[in-house]
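S.K.: Here is the input, now give the coordinates:
(one chain, ligands or ions: 1)
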Amino acid sequence: MIQAPLAGAAGSDDGSPIARQLISETKRRERLLGRALPKPIKTRIMTVANQKGGVGKTTTTVNIAAALAAAGLQVLVVDIDPQGNASTALGVEHHAEVDSIYDVLINDFALADVVAPCPDIANLICAPATIHLAGAEIELVSLVAREQRLRRALDTYSEHRETSGEERLDYIFIDCPPSLGLLTVNAFCAANEVLIPIQCEYYALEGLSQLLKNIEMIQKHLNAELEVSTILLTMYDGRTNLAAQVAADVREHFPDQVLKAVVPRSVRISEAPSYQQTVMTYDPSSTGALSYLEAAAEIAER
Ligand SMILES: Nc1ncnc2c1ncn2[C@@H]1O[C@H](COP(=O)(O)OP(=O)(O)OP(=O)(O)O)[C@@H](O)[C@H]1O
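M.R.: Here you go, the predicted structure:
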């Protein structure tokens, strides 16, 4: 006699849609949490940029960085957004008296003297931004090698780690402000890759051509190594046709750059910064955290 399979039994295709979804979510968690990721052959320096505001630059920076660090990789986040939101989300002090990336860019401080460990995440350090950075765009104008100051600081820091016997950094993420001023130019000159988060909303591609033109100028005149390697779709709302349409458009224009992983619009992601946390530590098994783990794994395995 052939027995009917139990509804919702693990491994069965005959359970209810909810049971099937729970099983696939559980499998997704098991697959992603605690997974080791490959070390890159040299430090990958990724600038997270989009001059459009509020598209998820900071959220992407801190969560991808935290996901890679959780997988055992050595990661530095450089916060060059005067709002200092990446420093906040990583739980790193950044009040006006703290030595910060402003001092590195303007006062020639060594990066080694300003980086701080993130309290809740092993292998992750952060160069914080303070309010002083708000004036740095103007102060940079009159300085020697104004576009290359971050690059030089990162080079010196890498040498410092080597001579002091510290492990080489695997990833550096630079969180940019929503503008294409000298701070962002410094980030482009210091990086070898650009990661562009794109919000799945109206006008998602607005301003993107200007951003790409600026990157081309940087490639031509200041940093030939730079490439737009990665695009991440963020704040995806699966209930709307619009989000699906935007995602399809972006994939059609940038088939090689867009990650398969898509970050959903998620309350847990938006709550985490108010607890000075990334969603990785705030709710590691939430769908938001899992999507960032997937994105980080894709980046590491490319
Ligand atoms: N996937 C998401 N789901 C829900 N809220 C999100 C998500 N990603 C980001 N947010 C929220 O959207 C707001 C903007 O995100 P974020 O600060 O990362 O963008 P940004 O591009 O860095 O902004 P800015 O241009 O001001 O620097 C924040 O309040 C953040 O918590």
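S.K.: the helices in this structure, which residues?
M.R.: Using DSSP state H, the helices found in the chain span residues 17-32, 57-70, 85-89, 101-107, 136-141, 149-163, 182-190, 208-221, 241-253, 267-271, 279-282, 287-301.
S.K.: Quickly, which of the ones you listed bottoms out on average pLDDT?
M.R.: Among those, helix 17-32 has the lowest mean pLDDT, at a mean of 72.
S.K.: ok, residues contacting stretch 66-77?
M.R.: Surrounding stretch 66-77, the residues in contact under the criterion CB atoms under 8 Å, 6 or more residues apart in numbering are 35-37, 39, 61-62, 65, 86, 90, 115, 118, 121-127, 167-175, 278, 280-281, 292-293, 295-297, 299-300. (C-beta placed from N, C-alpha, C; glycine too.)
S.K.: any idea how far residue 276 is from the nearest residue to residue 278 once chain neighbours are set aside?
M.R.: Excluding the flanking residues, the one nearest residue 278 by CB to CB, 6 or more residues apart in numbering is residue 66, at 4.3 Å. Separation of residue 66 from residue 276 (CB to CB, to the nearest Å) stands at 13 Å.
S.K.: and for these two, which residues touch both?
M.R.: Both residue 66 and residue 276 are in contact with residue 90, where contact means CB under 8 Å, 6+ apart.
S.K.: neighbour-wise, which of those two wins?
M.R.: In this view residue 66 and residue 276 are compared by other CB atoms under 10 Å, and residue 66 has more residues nearby, 29 against 17.
S.K.: burial measure for residue 215, as a count.
M.R.: By the measure other CB under 10 Å, the count of residues near residue 215 is 20.
S.K.: Show the contacting residues for it.
M.R.: Here residue 215 is in contact with 188, 194, 226, 228 (criterion: CB under 8 Å, 6+ apart).
S.K.: same deal with residue 226?
M.R.: With contact taken as CB under 8 Å, 6+ apart, residue 226 is in contact with 188, 191-194, 215, 218-219.
S.K.: If we use 10 Å, what do you get?
M.R.: Listed by CB atoms under 10 Å, 6 or more residues apart in numbering, the contact set of residue 226 reads 45, 47, 188-194, 215-216, 218-219.
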